[in-house]
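S.K.: Below is the sequence, then the predicted model.
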Amino acid sequence: MSKVITGRTTHRHEGELVVFHIGMQINRWWRPDLWMPAFFAMPGMLRELSTDPDSGMLGYHLLFGSGGPYVVQYWSSVDKLYAYASSPNQQHRPAWTAFNRAARKAPGAVGVWHETFRVDTAESVYVSTKPMGLPKATELVEVPRRQDRAQARFAEGRTAVKKSEPAQ
């Protein structure tokens, strides 16, 4: 069990940062034959990604919304995210194929969705929480005195991203 970190913390990360939301919407709860395979496929994919330091996935956070479960994932690049999604040698492609085959049997019973964000600036603050979110996926640091306000952290984050970009 993670320990609560007292005080104010934030994250630090230089380089590309991608935030990927993926989830499922269970529209017919009484059809577990259709939604359970997709539901149980995700933990295997997360394990596969978490144990491969070259995968590009920096971390993730599991959540439950009104329609079903979803995952917020943090990635080091869009290219690595898409490489994983399209690789026939990893768990995503077979799971996606199986989902599509099942979805054709009962259209609308279960849905899946994703959103991909390439982040050029990110601001965060965590006060007396267990490690989570961006700091867990990247680097957890104390909030410096000069970044006590969200606006200052955001401005500093914008500078950090620009510093990591190659010169033109």
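M.R.: Structure received.

S.K.: the helices in this structure, which residues?
M.R.: 32-50, 78-86, 92-105, 133-137, 150-164 (DSSP state H).

S.K.: Pick the most deeply packed of those.
M.R.: Highest mean neighbour count of the helices of the chain: helix 133-137, a mean of 21 (counted as mean count of other CB atoms under 10 Å). Any C-beta I mention is one placed from the backbone N, CA and C, and that applies to glycine too.

S.K.: Report the rounded mean pLDDT for that one.
M.R.: On average, the pLDDT along helix 133-137 is 92.

S.K.: And stretch 146-163, by the same measure?
M.R.: Stretch 146-163 comes out at a mean pLDDT of 60.

S.K.: ok, now stretch 53-68?
M.R.: The model assigns stretch 53-68 a mean pLDDT of 93.

S.K.: gap between that stretch and the chain center?
M.R.: Relative to its chain's centre, stretch 53-68 lies at 4 Å (CA atoms, centre = their mean, to the nearest Å).

S.K.: any residues touching it, and which ones?
M.R.: 23-27, 35, 39, 46, 48-50, 69-77, 79-81, 83-84, 111, 132-133, 136-138 (CB atoms under 8 Å, 6 or more residues apart in numbering).

S.K.: which residues does the residue nearest the centre of the chain form a beta bridge with?
M.R.: Nearest to the geometric centre of the chain sits Gln73, at 0.8 Å (CA atoms, centre = their mean). Counting by DSSP bridges, Gln73 is bridged to Phe20, Tyr60.

S.K.: State the distance from it to Phe64.
M.R.: Using CB to CB, to the nearest Å, Gln73 is found at 16 Å from Phe64.

S.K.: And Ser76, by the same measure?
M.R.: Separation of Ser76 from Phe64 (CB to CB): 26 Å.
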